[in-house]
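Trainee: Here's my sequence, what's the structure:
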Amino acid sequence: MKRILKTLIITCSVFLISATANVSKAQYGNDYNDNSYNNSYDNEYDNGYNNRDISYQTFYDELSPYGQWVNYPGHGFVWVPDVQGDFQPYSTNGHWVWTNDYEWMWVSDYNWGWAPFHYGRWDYDNYYGWYWVPGYEWSPAWVAWRDGGDYYGWAPIRPGINISVNFNIGSYAPPYNFWCFAPRRYITSPRISLYYVNRSLNINIIHQTRIIVNNYRYNRHYGLFSGPRRYDAERYCGRINPIR
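Mentor: Residues are numbered from 1 along each chain as shown. Coordinates of the predicted model:
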């Protein structure tokens with residue numbers, strides 16, 4: 001009931017502030033144009049999410065059917081997805097692919113996944129669960145990575161962490177339960193969720209692993225390029241076929 005009341009209260013106010021919301025240029029770049037998957041997520045990128053302006057109103061309109069917008073202290077309006085209690089961003093209902101342009105990219109099987117896994121940041125609240133703070137800069141995935149002990153691990157980069165050319169990912173220390181670990185050999189598996197390590201073991205695995213330090217990159221594309229190098233990953237998972 002608390003969520004419903006908050007949602008009703010903010011619905012009108014969202015439209016009042018949207019007229020003055022900053023609009024940021026952001027290209028989707030046809031990032032999921034892999035028709036071999038023949039899935040709705042790929043087709044959605046093919047048919048309308050390329051080369052368009054992104055605004056707060058865009059996020060509000062597109063995500064409202066799949067969750068609730070609430071006014072959260074310190075962040076303003078954030079989005080809480082309607083998902084099961086065991087949901088975790090960059091873990092539930094998706095997988096990793098290697099791309100020539102963006103390196104490691106998270107491909108979500110949610111039909112709303114084009115936004116919260118490539119724009120903005122995720123954080124956790126004991127009442128709401130996982131919530132998403134809108135942002136206007138695209139990235140293949142806003143995550144930090146760990147490597148070691150035969151595992152790869154990744155965790156959402158929280159709101160308020162300033163990503164820039166001088167960003168030192170090695171100093172980022174998210175909570176233990178933010179991390180998701182899987183054996184290295186399954187990093188490219190479309191069913192990687194079958195191989196996730198139980199999170200009760202996260203503390204032990206973190207002590208066996210180290211942060212992968214990859215710098216923020218300005219190139220033809222913008223965003224945080226991070227994760228294991230392709231030639232390192234291929235030592236464990238075999239040849240990687242890039243998604244173009």
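Trainee: got the residue ranges for the helices in this protein?
Mentor: Chain-ordered helices for the chain, with DSSP state H as the definition, fall at 2-18, 40-46, 56-63, 202-206, 230-237.
Trainee: Let me know the average pLDDT across the last one.
Mentor: Averaged over helix 230-237, pLDDT sits at 90.
Trainee: contact partners of it?
Mentor: Defining contact as C-beta atoms under 8 Å, 6 or more residues apart in numbering, one finds that helix 230-237 is touched by 98, 103, 147, 150, 152, 183-189, 240. (Each C-beta comes from the backbone N, C-alpha and C, glycine too.)
Trainee: Give me the buried entries from those.
Mentor: When these are checked for burial by 16 or more other C-beta atoms under 10 Å, the buried set is 98, 103, 147, 152, 183-184, 186-188.
Trainee: Hmm, which of these is lowest in pLDDT?
Mentor: Scanning those for pLDDT, the low point is residue 103. It has 90.
Trainee: So in terms of bridging, what pairs with that residue?
Mentor: Legend: beta-bridge partners of residue 103 under DSSP bridges are residue 99.
Trainee: separation between it and residue 199?
Mentor: With the distance defined as C-beta to C-beta, to the nearest Å, residue 103 ends up 26 Å from residue 199.
Trainee: ditto for residue 87
Mentor: Here the distance between residue 87 and residue 199 works out to 13 Å (C-beta to C-beta).
Trainee: close enough to count as contact, residue 148 and residue 208?
Mentor: Yes - using C-beta atoms under 8 Å, residue 148 and residue 208 qualify as a contacting pair, with a distance of 5.3 Å.
Trainee: ok, now which ones touch residue 122?
Mentor: Taking C-beta under 8 Å, 6+ apart as the contact definition, residue 122 lies against 89-90, 116, 130-133, 142, 156, 158.
Trainee: mind running it again at 7 Å?
Mentor: With contacts defined as C-beta atoms under 7 Å, 6 or more residues apart in numbering, the neighbours of residue 122 are 89, 130, 132, 156.
Trainee: mind checking how far the first one is from residue 115?
Mentor: Between residue 89 and residue 115 the distance, using C-beta to C-beta, works out to 12 Å.
Trainee: quick one: which of those two has more around it?
Mentor: With other C-beta atoms under 10 Å as the criterion, residue 89 and residue 115 differ in neighbour count, and residue 89 comes out ahead with 27 against 22.
Trainee: For the more buried one, list the residues it contacts.
Mentor: Taking C-beta under 7 Å, 6+ apart as the contact definition, residue 89 lies against 116-117, 122, 130, 156.
Trainee: out of the residues you listed, what pair is the most spread apart?
Mentor: Based on C-beta to C-beta, the longest span within those runs between 117 and 130 and measures 11.8 Å.
Trainee: So those two - more neighbours on which side?
Mentor: Set residue 117 next to residue 130 and count neighbours by other C-beta under 10 Å: residue 117 wins out with 24 against 19.
Trainee: And the more buried one, how close does it get to residue 123?
Mentor: Relative to residue 123, residue 117 is positioned 14 Å away (criterion: C-beta to C-beta).
Trainee: re the thing from before, for the contacts of residue 122, which two are the farthest from each other?
Mentor: In those, the most distant members under the criterion C-beta to C-beta are 132 and 156, with 9.6 Å between them.
Trainee: Tabulate the contacts of helix 230-237 in TSV, adding columns for distance to residue 203.
Mentor: As requested, these are arranged in TSV below (distance: C-beta to C-beta, whole Å):
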residue	distance to residue 203
98	29
103	28
147	17
150	17
152	17
183	18
184	20
185	23
186	21
187	22
188	27
189	25
240	30
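Trainee: Which one of those residues is nearest to residue 55?
Mentor: Proximity of the contacts of helix 230-237 to residue 55 was ranked by C-beta to C-beta; the top entry is residue 103 with 27.6 Å.
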